[in-house]
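In: task: produce atomic coordinates for the following.
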Amino acid sequence: MDGIQSVQKHYDTHLGAVYSWTMGDLDSAFLRSNDFLTSLDLPVADGQLAVDLGCGFGLHAIPLAQRGYHVLAIDFCTELLSDLRARARELPVTIVEADLMTFDWNLPESPNLILCLGDTLTHLPNLQSVYEVIEKASAKLAPGGRIVLGFRDYVGTELIGTDRFIPVRTSDDRIFTCFLEYAPGHITVHDLVQERTTASWKQKISAYRKLRLDRNSVAAELMRQGLRIVRNELKNGVVTLAGLKET
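Out: Down below sits the predicted model:
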C-alpha cells in the first residue's frame, strides 16, 4: 500500500497516543460537544440507550451520559478507550472495543440515539461500508429515535499547494501537522508528529486514507432507509446530518 497504514494500525501505533492532546483545552472541547448536543434538540433522556460509534476518549459519550442516557461507546483504539474509561468513572457508559462494522452485535436493545461523529464515517474502507452502517443503524433504531452523523467535507473544497499542510497543534515538546493528498473518492492523510527528546527533536510519520463523502449522497441513503432528515448542515467544513425514525 506504498506505506499507507490501515486506519486501526494508524491509531494503534501513531495517532491514538496523541489524539486527545490534539484537542487542546479538553474542558473547552467538552463544552463545545455539550453545546452541539444541545443544538440537536434531543428529547429528555431517562436511561434511554444512546450508541456512540467511534467514541474515542468520550467527547460525546460523557456529556450524553451526564444528560441521562445509558451510553454504549464503541471504538477500536485501546488507548482512547482507556482514556474514556478513566474519564467516565461512575457514569452509565458501557465501553466496547470493537470494529465499527459489527456494532449491531453489541446492542442489548433498540437505541433511541445513534451518533457517528468526529470524521469516523470517513475511516471506513468504501462507500458501501458507510451505507451498510446506515442500514444497520436504521434497522436497529427505536421508533422516534435519531441517527446523527458528522464528517468533514472533503468534496466541496479541495485544498491545493501549501494549503494542504495543516498545523493541528503545537506545544513546547510536540508539533503536530497534517498533509493531505487528494484522489478520486479518498484522501491520504499524512500525520507528522515531532517530539522533543532530551537531546534533539524526533519525527514520526504515518499515513492513512479517508473517504471523500458527498453530503447529499449520505442524506439520500438515510432517506432510503426510511428516515426523515431533520438536519442537513455544512458549517466550518463539517457536515452534520440527522435523521428521525418516524413512530
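In: domain assignment for the chain?
Out: Partitioning the chain according to automatic domain parsing yields domains covering residues 7-153+212-245, 161-210.
In: single out the most deeply packed of those.
Out: domain 7-153+212-245 (a mean of 18; mean count of other C-beta atoms under 10 Å). To be clear about C-beta, it is placed using only N, CA and C from the backbone, and glycine gets the same treatment.
In: include mean pLDDT when you put the domains of the chain into JSON lines, please.
Out: Shown next, in JSON lines, are these (pLDDT from 0 to 100):
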{"stretch": "domain 7-153+212-245", "mean pLDDT": "96"}
{"stretch": "domain 161-210", "mean pLDDT": "96"}
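In: and the helix or strand harbouring residue 151, how far out from the chain's middle?
Out: Taking DSSP states H and E as the definition, residue 151 sits inside strand 146-152. When distances are taken as C-alpha atoms, centre = their mean, to the nearest Å, strand 146-152 is centred 9 Å away from the chain's centroid.
In: that strand pairs with which strands, parallel or anti?
Out: The strands beside strand 146-152 in its sheet (DSSP bridges) come out as strand 113-116 (parallel), strand 238-245 (antiparallel).
In: residues making contact with it?
Out: Contact with strand 146-152 is made by 40, 42, 112-122, 134, 137-138, 141, 210, 213, 218, 222, 227, 230-231, 237-245, as judged by C-beta atoms under 8 Å, 6 or more residues apart in numbering.
In: do you know how far the residue lying farthest from the centre of the chain is from residue 176?
Out: Taking C-alpha atoms, centre = their mean, the residue of the chain most remote from its mean C-alpha position is residue 199, at 36.2 Å. Counting by C-beta to C-beta, to the nearest Å, the separation of residue 199 from residue 176 is 21 Å.
In: do the same with residue 216
Out: 32 Å.
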